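Any chance you can model this:
(2 chains)
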Amino acid sequence: MEAASAAHAHVEHPPEANRSSRVEPQLLGMLLFIISEVMIFGAFFTAYFFIRVVQGDPWPAPGMEIPTGPVAINTAVLLSSSLTMHWAQTSIKNGNRFGLRAGILSTLFLGICFLTLQVNEYVHVGFAPHDSAQGSIFYGLTGLHGAHVCIGLILLSMVTIRAFRGHFSAESHRGVEVPGIYWHFVDVMWIIVYTTIYIL
Amino acid sequence: MTARLRAPGLHRGLIGAALGFALAYAIVLPVRAAQGLHPVLDGDAVTIVGLLSAPLGFLFGLGAFDYWFYYLTGRPTRPEDHSGHGARSWKDYFRVNTDHKVIGIQYTVTSFFFLLVGGSLAMLMRAELAQPGMQFVSTDGFNGLFSVHASILIFLFVIPVFAGLANFVLPLMIGAPDMAFPRLNAVSYWMLPIAGLMMMASFLVPGGSFSTGWTAYAPLSTDQPIGQLFFTVGVQFAGASSVATALNFLVTIITMRAPGMSFWRMPLLVWANFSTSLLVVIATPFIAASQFLVLLDRALHFHFFDAAQGGDVLSYQHIFWFYSHPAVYIMMLPGFGIISEIISVKSRKPIFGYRMMAFSLLAIVVLGFTVWAHHMFVSGMQSWIRIPMMITTAIIAVPTGIKVFSWLATLWRGVLHLDTPMLFALGFLTMFVIGGISGVMLAMIPVDIHVSDTYFIVAHIHYVLFGGSLFTIFAGVYYWFPKMTGRMFDERLGKLHFWLTFIFFNLTFGPMHYIGLRGMPRRVADYSQQYAGWNLFISLSAFVVGASTLVFLYNMVSSWRGGPRAEANPWRALTLEWQVSSPPPIFNFDTVPTVVGGPYEYGVPGAVHGVFRKPGEVRPPTPAGGGATQVARE
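Sure, this is the predicted structure:
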């Protein structure tokens, strides 16, 4: 079908699109994606809300103990990874490649530490998702967050590989900035999950 | 041969799918062995993982992620040479293509394929319902028919076909050379056929297709045979696809408008897709999550919805309807945009109350999130939620009413051109008002309780989605057919299609109001003798509606192959997509146009929406539109 065929003599390149907003497209795309991610968490929190608040079930379930102490360390690990991420971002903005590499590697390391500690907690927590609705909520929310840490780590490893291949500079560092925003989002989300599941 | 297999394309896609399925075995077997589960080889578990991994393998194989793979490993990415733009033969439609016009056609054609699938299922249902008693299918089979019918038509037809039309038209309308993220656009298209084939494939698995309706209420859906998973996972792919597209539309609209195109100069179709995309980005994650929760309940024995273990059954309905009520507007707002374009062009008048039209779209977006529980009046939820939801539901009819009155005021004393797109637009107006009014009736709690789960609901939803959405889709497809294909459709066949559809649509769904009020329950394969006469009448009318689609198909296919060549601007429209050739040039514009006026200044002498300035040229601007049939930039 000659539907979209180029009957017209065409130029080799499309015209430069007009930029009608000062916001970078990639940045805006990431922010919108984060909005939809927040809504996914929102739906899981709705399930939490219905079981804990609407039904008024005891939290945690009788015979189930949620370990608050060790998870505080875990929280500290994840929060400090946000700082190292920020370090990486400001370094490359100033053209400091060493800072970028050191910052991104330590972020990656802290992120992996967090996941390891989380898995360790699952192993020793002493209840399973199929024990009770409360258990399902606990594993559902922390697991959903863990999945997001995984996505964040995949993005960060992309950044790491490219950083060590010498890809970013003071002028062009969007590839660090956008995954960085996602990583900060994962951290902020953890604070909410931590507060609702472990502290409250 | 090996080179051909390694190159991105359908071959490699199928290999990727097979590898993905193998991966499912590779994941499931060791995990089950390590957990000491019996049997180690469990079809259910493998299917669950396979449903996720095989499509991803297919997408990898197809080449949807090639660029990102190069990017993430830090290898030099191939600079975009735009060789992927345009489609030179029909085979190009079966490849990953980053051209928004190709993707738009891929989307539209794929969605219409699923319209035929969903429509055929409806024909089977009407055949079964023509007489009381059981004739053609079992009761379980009937449940499967209406479930797959609804799911396919909602997730694979109405939602994506609007994305398809907008994909083609929207960048042209705002003067952009392409969408903001062309590669993401391609990925979001290719997730669609996956979701659709998954839902269709559910008929083939042991236990039959999913049969819980498109709502898949838990806990019914958590203990169904394996076919249910094909819905649960298929919805994930359809949902991911529509979130990605919506995000893309939003970024495109915000960052890529032509100079001079302020928000208040955007055509209403752009406004409509802006509002819809907001709804999609905010609401669609809720259905994704609801199906994740069902998946966890079913596959890993979580207890989100298991009341015996402390789960809350109603939370599923709340989460589901928090998406699925806004989804009603996701299926309607783009149609509003299409109708605004057509009614203004075809009555040669500026749209009445342009700003109110845009504001009412935004009002619907906001109010759309406040009405979800009106689907749950009989569910046994806390009774205090009912009254607020009844009131918000009545209020949301106000912005919709503003739009209807604005369209009527646009028609008032206009120079009406009653061709096929306009006929469908007017058909939409009348039918949608009927569906809207029965909607307001249903918002009233006593009425809702009385007719809940009867054919009155079926009539209401089909007046809104068939008489509403589908009519706008037909109107839009006829309206932009010359632009998309470069050919004119057969006007006589178009009118035949309209009148057949319009008359027999009413004969099919009109009587359903009546038998619904008389108490005939929906979602049943058999019914009491007293409804026999009406049901036979409805079935016969439904078959004519089905046949009328064949007229449409014949018209589209034959016109695309051999219709008369279309002019650049057959409707004498002002918006930018009509100021380029039909079909549009491969990069849309040689230079980005400058917008100097509103989009709907029909009947205003000398009014111009956009002008093309050659590089370096200052004056005089070539007027674009305003009756010019030739391409201004040549």
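
For chain B, give me the ranges with low pLDDT.
B:1, B:4-5, B:77-84, B:614-634 (pLDDT under 70).

from the stretch 501-634 of chain B, which residue is nearest to chain A?
Among all residues of the stretch 501-634 of chain B, residue B:587 sits closest to chain A, at 3.7 Å; criterion: Cβ to the nearest Cβ. From N, CA and C alone the C-beta is placed, and that goes for glycine too.

in what helix or strand does that residue lie?
Using DSSP states H and E, residue B:587 sits within no helix or strand.

Count the neighbours of it for me.
If you count neighbours by other Cβ atoms under 10 Å in any protein chain shown, residue B:587 ends up with 21.

Please list the residues of the stretch 101-250 of chain B that sit near chain A.
By Cβ under 8 Å from any Cβ of the partner chain, the part of the stretch 101-250 of chain B that sits against chain A consists of B:101-102, B:105, B:175-178, B:180-181, B:243, B:247-248, B:250.

what's the closest of these to residue B:165?
Using Cβ to Cβ, residue B:105 comes nearest to residue B:165 of those, at 10.0 Å.

thought that closest one was touching residue B:484?
Yes - between residue B:105 and residue B:484 there is a contact under Cβ atoms under 8 Å: 6.3 Å.

Is the helix ranked longest in chain A in proximity to chain B?
Using DSSP state H to define each element, chain A has its longest helix at helix A:133-164. Yes - applying Cβ under 8 Å from any Cβ, one finds that helix A:133-164 is in contact with chain B at A:133-137, A:139-140, A:144, A:157-158, A:161-162, A:164.

Can you name the residues that contact residue 180?
In the absence of a named chain, chain A is used. Residue A:180 is in contact with A:85-86, A:88-89, counting by Cβ atoms under 8 Å, 6 or more residues apart in numbering or on different chains.

Correction: the question concerned chain B.
Contacts of residue B:180 (Cβ under 8 Å, 6+ apart): A:25, A:29, B:248, B:251-252, B:255-256.

Could you look up the SS state of the nearest residue to residue B:148 once chain neighbours are set aside?
Leaving aside its sequence neighbours, residue B:148 sits nearest to residue B:209 (Cβ to Cβ, 6 or more residues apart in numbering or on different chains; 5.4 Å). Under DSSP: H, G, I helix; E, B strand; the rest coil, residue B:209 falls in the coil class.

how close does residue B:209 get to chain A?
Going from residue B:209 to chain A by Cβ to the nearest Cβ, to the nearest Å gives 26 Å.

could you show me where the strands are in the stretch 501-634 of chain B, in order?
Chain-ordered strands for the stretch 501-634 of chain B, with DSSP state E, counting those that start in this stretch as the definition, fall at B:594-595, B:610-612, B:622-624.

Grab the two from the contacts of residue B:180 that are most spread out in space.
A:29 and B:256 (12.2 Å).

Pick out whichever of the two has more residues nearby.
Using other Cβ under 10 Å as the criterion, residue A:29 and residue B:256 rank with residue B:256 on top: 24 against 21.

Find the closest residue to chain A in the stretch 101-250 of chain B.
Closest point on the stretch 101-250 of chain B to chain A, by Cβ to the nearest Cβ, is residue B:177, at 3.7 Å.

ok, that residue - how many residues close by?
22.

With residue A:69 instead?
The tally of other residues near residue A:69 (other Cβ under 10 Å) stands at 7.

And it, its phi and psi?
Note on residue A:69: backbone dihedrals following degrees, to the nearest 10 are phi -60, psi -60.

Please pick the buried ones from the residues of helix A:133-164 next to chain B.
Applying 16 or more other Cβ atoms under 10 Å in any protein chain shown to the residues of helix A:133-164 next to chain B, the neighbour count classes A:133-137, A:139-140, A:144, A:157-158, A:161-162 as buried.

so which of the residues you listed would you say is closest to residue B:40?
For these, the nearest to residue B:40 is residue A:139 (23.8 Å; Cβ to Cβ).

tell me the contacts of that closest one?
Per Cβ under 8 Å, 6+ apart, neighbours of residue A:139: A:122, A:128-129, B:302.

Would you mind measuring from the residue of the stretch 501-634 of chain B closest to chain A to residue A:17?
Applying Cβ to Cβ, to the nearest Å, the value for residue B:587 to residue A:17 is 11 Å.

Quickly list what's touching both of those two.
B:177-178.

so what pLDDT did the closest residue to residue A:151 other than its chain neighbours get?
Spatial nearest neighbour of residue A:151, chain neighbours left out: residue A:182 (7.6 Å); criterion: Cβ to Cβ, 6+ apart. In this model, residue A:182 is scored at 96, pLDDT.

so residue A:182 is in which element?
helix A:174-193.

How far off centre is that helix?
5 Å (Cα atoms, centre = their mean, to the nearest Å).

again, but for stretch B:382-400
26 Å.

Show me which positions of that stretch end up buried.
Buried, per 16+ other Cβ under 10 Å, within stretch B:382-400: B:386, B:389-390, B:392-393, B:396-397, B:399-400.

List the contacts of that stretch.
A:54, B:359-361, B:363-364, B:367-368, B:370-374, B:377, B:436, B:439-440, B:443-445.

Which residue comes closest to residue A:144 once chain neighbours are left out?
residue A:44 is the one closest to residue A:144 (Cβ to Cβ, 6+ apart), at 5.5 Å.

Quick one: the residues of helix A:133-164 next to chain B as CSV, columns for distance to residue B:293 and pLDDT too.
As requested, the residues of helix A:133-164 next to chain B are exported to CSV (distance: Cβ to Cβ, whole Å; pLDDT from 0 to 100):
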residue, distance to residue B:293, pLDDT
A:133, 11, 91
A:134, 15, 91
A:135, 14, 91
A:136, 9, 93
A:137, 10, 93
A:139, 12, 94
A:140, 7, 94
A:144, 10, 96
A:157, 29, 91
A:158, 30, 88
A:161, 35, 89
A:162, 36, 88
A:164, 40, 89
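
can I get these in TSV with distance to residue B:24?
Formatted as TSV, these follow (distance: Cβ to Cβ, whole Å):
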residue	distance to residue B:24
A:133	29
A:134	31
A:135	27
A:136	24
A:137	28
A:139	22
A:140	23
A:144	22
A:157	24
A:158	25
A:161	28
A:162	31
A:164	33
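
What are the boundaries of the helices in the stretch 151-300 of chain B?
All helices of the stretch 151-300 of chain B, identified by DSSP state H, counting those that start in this stretch, fall at B:159-173, B:182-201, B:227-255, B:268-299.

ChimeraX command for the buried members of the contacts of stretch B:382-400?
In ChimeraX syntax, the buried subset of the contacts of stretch B:382-400 is picked out as below (16+ other Cβ under 10 Å):
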select /B:360,361,363,364,367,368,370,371,372,373,374,377,436,439,443,445
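
Which ones among the contacts of stretch B:382-400 map onto strands?
In strands, judged by DSSP state E, none of the contacts of stretch B:382-400 are found.

Filter the contacts of stretch B:382-400 down to the ones in helices?
Counting by DSSP H, the part of those found in helices is B:359-361, B:363-364, B:367-368, B:436, B:439-440, B:443, B:445.

right, and out of these, which lies closest to chain A?
Nearest member of the ones in helices among the contacts of stretch B:382-400 to chain A, counting by Cβ to the nearest Cβ, is residue B:368, at 13.9 Å.
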